[in-house]
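1. let me see the structure of the following:
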Amino acid sequence: MLDLFARVLLAAVFLAAFAGKVRTRQGFAEFRDSIGALAPWLPAQPVAIAVLAGEAAAVVLLAVPGTGLGYALATGLLAAFCCGIVLAIRSRKAVRCKCFGAGGDVLGPKHLVRNGLLIAVAVTGAFVTPPASWEEPMTLLTIAVVLLAVVVAVHVLFTYGLVARVRELQERSGPPRNQNLPQPGLVIRPFSVTGTDGALFTEADLDGPVQVGFFSVGCGPCRSLTDALLADPPAARFVSVVDGDPTDPEATRRLVEKVSALGRVAVIGTDDPVLSAFEVMAFPTLVYTHGGVVTASGIKLDDFAGVPAPVA
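-> Purely as a prediction, here's the structure:
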């Protein structure tokens, strides 16, 4: 009875965690980004996919009676999560718990207690699990089916991750339609983002003619636009907003260094409020502003043919 309780409880927890991350793209993206924030030296995307595969495998293995493999995997995953929580606490990083997808509180001691209790349940379940009879054909068949299910789950997860990444890159690099660009007359809403120089960039800095460029790491059209801007530097103040990639800090650094020649630079993450303030929906986007109001926008310099460039 205790074995059944432990299996059901742990399977329900890992199933909820898995479903929360894959239910929406935002849930998976926030979980992936939390890994990058906790451990920048780790490849966030592969690690996030590996965690999903582990959680799916744990659910499947916990459903197999007479074996402690599910308990062992659950204990390993929970221990790894505890290490991440300890890392967040010791580094004093305000990283939110994305174990169940989007949302979540800032990681702290209560999350350690929760995972510690779940580890205790897993260890107890492993001790009370009746041994399986490896001589019974049904036991071997069950193990084979479970292993096949795990392989299929891992394959599906990696395919999902690949498709999601391709779609993300297409959205970033694909030219947006005109109606998706910030429209002339748009009043920039309040925002605040810290520049690489440590100073804040806010709507108050748009008091005169200012050009703002939005670029993303790994974006081909962004590379073309920045090359064109560097070949013919803007006369007005210029601010570059770079959508950094936590999984590729070196590429982010190179892009920041490149656009620094144009003016100030601010690095943001996915869905940063500054994107909503300017109503930017894709990369690249170049915006002409004057007095906090959009005067023109486009994705390449040709879009501004006949439009007087702002002059400081």
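2. next, the buried residues of stretch 63-82.
-> Using 16 or more other Cβ atoms under 10 Å as the test for burial, stretch 63-82 gives 64, 67-71, 73-75, 77-78, 81-82. The way it works is simple: take the backbone N, C-alpha and C, and place the C-beta from them, glycine included.
3. so where's this protein shaky on pLDDT?
-> Within the chain, the ranges that satisfy pLDDT under 70 run 93, 101-104, 131-147, 149-150, 153-158, 160-179, 309-312.
4. any idea how many residues pack against residue 285?
-> The number of residues packed near residue 285 is 25, by other Cβ atoms under 10 Å.
5. spatially nearest residue to it, not counting backbone neighbours?
-> Closest residue in space to residue 285, ignoring its immediate chain neighbours: residue 214 at 4.4 Å, by Cβ to Cβ, 6 or more residues apart in numbering.
6. got the contact list for the helix or strand containing the one you found?
-> Residue 214 is part of strand 209-216, with elements assigned from DSSP states H and E. Outside strand 209-216, the residues that touch it by Cβ atoms under 8 Å, 6 or more residues apart in numbering are 172-173, 222, 225-226, 229, 234, 236-243, 245, 255, 259, 262, 275, 278, 280, 283-290, 309-312.
7. now the residues you listed: which count as buried?
-> Going by neighbour count (16+ other Cβ under 10 Å), these have 172-173, 222, 225-226, 229, 234, 236-243, 245, 255, 259, 262, 275, 278, 280, 283-289, 310 buried.
8. can you give me the strands in this structure?
-> Ranges of strands within the chain are 192-194, 200-202, 209-216, 237-243, 264-268, 285-290, 293-298, based on DSSP state E.
9. mind putting the ones you listed into CSV with distance to residue 182?
-> Below are these laid out as CSV (distance: least, Cβ to Cβ, whole Å):
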stretch, distance to residue 182
strand 192-194, 16
strand 200-202, 17
strand 209-216, 9
strand 237-243, 12
strand 264-268, 16
strand 285-290, 5
strand 293-298, 5
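10. quickly list what the closest residue to residue 205 other than its chain neighbours is bridged to.
-> Taking Cβ to Cβ, 6+ apart as the measure, residue 205 lies nearest to residue 239, with 7.5 Å between them; neighbours along the chain are not counted. The partner list for residue 239 in beta bridges (DSSP bridges) reads residue 212, residue 264.
11. try residue 192
-> Each beta-bridge partner of residue 192 is listed here: residue 202, as defined by DSSP bridges.
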